[in-house]
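K.L.:
with the sequence up front, the predicted model follows.
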Amino acid sequence: MLAAAEVCNSIEMIRRQAPVVHSITNYVVMNNTANALLALGASPVMAHAEEEVEEMVNIASALVINIGTLSASWIRSMFKAAKQAAKRGIPVILDPVGAGATKYRTRTARELMESELPAVIRGNASEIMALSDDRSTTKGVDSADLSDNAVPVAQKISARYNCVVCVSGATDYIVKDRQIIKVENGHPLMARVTGLGCTASVLCGAFAAVEDAFTATVQAMIVMGVAGEIAAEKAAGPGSMQMHFLDALYCLAEEDIKLRLKAGG
């Protein structure tokens, strides 16, 4: 699963199949995440109107729900889309952006988890911890905790909801029951570009369209980290980092992953 060739095989499947990844996401990152999906080879669609979300799910191979900019109508759309995805048997990736910052978004994330069980939950340490502990807080949408600290909570959530939990940070942890994979790729400059966490979630959706949820999440985080490293070596700052990140995703080759892969159990 951690072989560079297998990651590249999944990328090739994405590029051949161009799976539709339906994202109900926040309007801060729509452009960023759509471009990342296109660069990887997937086909993004971002529809949040209650009147059409169920139909849109019908043409999708994965659904990503991101609670970054909440409103009552968007929340209703999220529940409708998740229910339809469950009927169709396509994977749902939940990104509980800012969980722990307010009671409203923490409650929304928890209710989404309970309603239609997600295949993957991906968030930073504070967000993951807030899904299980009312005492955990976040700094807006930024983590106040190290990813290492959230692993026991991730294991608890994974066992309860029978899902993959990904804790993002300087080290990414992908948890499924007793399986834990660490991915240590990435670069600090990634934290200076808005929406790269959200980008990780949509890439989980793209990989989940062609792989099982655990493999997909591991591979998505490897690809995020490797592309981030390549981009940072060329970037002068956050603006060019974003541009080079998209180029790195588009041009990513097996040799890049072989040379840089830092992941294991």
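P.N.:
Perfect, thanks for sending it.

K.L.:
run the chain-centre distance for stretch 26-39.
P.N.:
12 Å (Cα atoms, centre = their mean, to the nearest Å).

K.L.:
got the buried residues for it?
P.N.:
By neighbour count, with 16 or more other Cβ atoms under 10 Å as the criterion, the buried positions of stretch 26-39 are 26, 28-30, 32-37, 39. Where C-beta positions appear, they are placed from N, C-alpha and C, glycine not excepted.

K.L.:
out of the residues you listed, who's nearest Gly100?
P.N.:
Asn26 (16.4 Å; Cβ to Cβ).

K.L.:
let me see the contact set for Leu94.
P.N.:
The contact partners of Leu94, by Cβ atoms under 8 Å, 6 or more residues apart in numbering, come to 65, 109, 112-113, 118, 120-122.

K.L.:
Three-state assignment for the residue nearest to it when sequence neighbours are not counted, please.
P.N.:
The shortest distance from Leu94 to any residue other than its chain neighbours is 4.2 Å, reached at Pro118 (Cβ to Cβ, 6 or more residues apart in numbering). Three-state call for Pro118 (DSSP: H, G, I helix; E, B strand; the rest coil): coil.

K.L.:
now Phe207: how far from Ile67?
P.N.:
Distance, Phe207 to Ile67, using Cβ to Cβ, to the nearest Å: 21 Å.

K.L.:
and those two? which has more neighbours close in?
P.N.:
The residue with more neighbours, out of Phe207 and Ile67, is Phe207; 33 against 25, by other Cβ atoms under 10 Å.

K.L.:
for the more buried one, give me its contacts.
P.N.:
10, 14, 215-217, 219-220, 223 are the contacts of Phe207 under Cβ under 8 Å, 6+ apart.

K.L.:
among those residues, which lie within helices?
P.N.:
Using DSSP state H, the subset of the contacts of Phe207 located in helices is 10, 14, 215-217, 219-220, 223.

K.L.:
could you pull out the helices for this protein?
P.N.:
Remark: helices assigned in the chain by DSSP H are 4-17, 30-40, 53-57, 72-88, 103-115, 125-130, 151-161, 196-208, 213-234, 238-251, 254-260.

K.L.:
in CSV, list those helices along with mean pLDDT.
P.N.:
CSV is the format used below for the helices of the chain (pLDDT from 0 to 100):
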stretch, mean pLDDT
helix 4-17, 96
helix 30-40, 98
helix 53-57, 98
helix 72-88, 98
helix 103-115, 95
helix 125-130, 94
helix 151-161, 96
helix 196-208, 97
helix 213-234, 98
helix 238-251, 97
helix 254-260, 95
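
K.L.:
OK, contacts around the nearest residue to Thr69 once chain neighbours are set aside?
P.N.:
With Cβ to Cβ, 6+ apart as the criterion, Thr69 has its nearest non-adjacent residue at 3.9 Å, and that residue is Asn26. By Cβ under 8 Å, 6+ apart, Asn26 lies in contact with 66-69, 97, 198.

K.L.:
give me the pLDDT for the nearest residue to Ala86 once chain neighbours are set aside.
P.N.:
For Ala86, ignoring the flanking residues on the chain, the nearest one in space by Cβ to Cβ, 6+ apart is Glu116 at 4.4 Å. Note on Glu116: pLDDT of 90.

K.L.:
and Leu146, by the same measure?
P.N.:
70.

K.L.:
right, and it touches Val167 too?
P.N.:
No - using Cβ atoms under 8 Å, Leu146 is not in contact with Val167, being 9.5 Å away.

K.L.:
now for the two: what residues contact both?
P.N.:
Counting by Cβ under 8 Å, 6+ apart, the residues touching both Leu146 and Val167 are Ala125.

K.L.:
of the two, which one has the most company?
P.N.:
Neighbours around Leu146 and Val167, counted as other Cβ under 10 Å, are more numerous at Val167. The numbers are 29 against 15.
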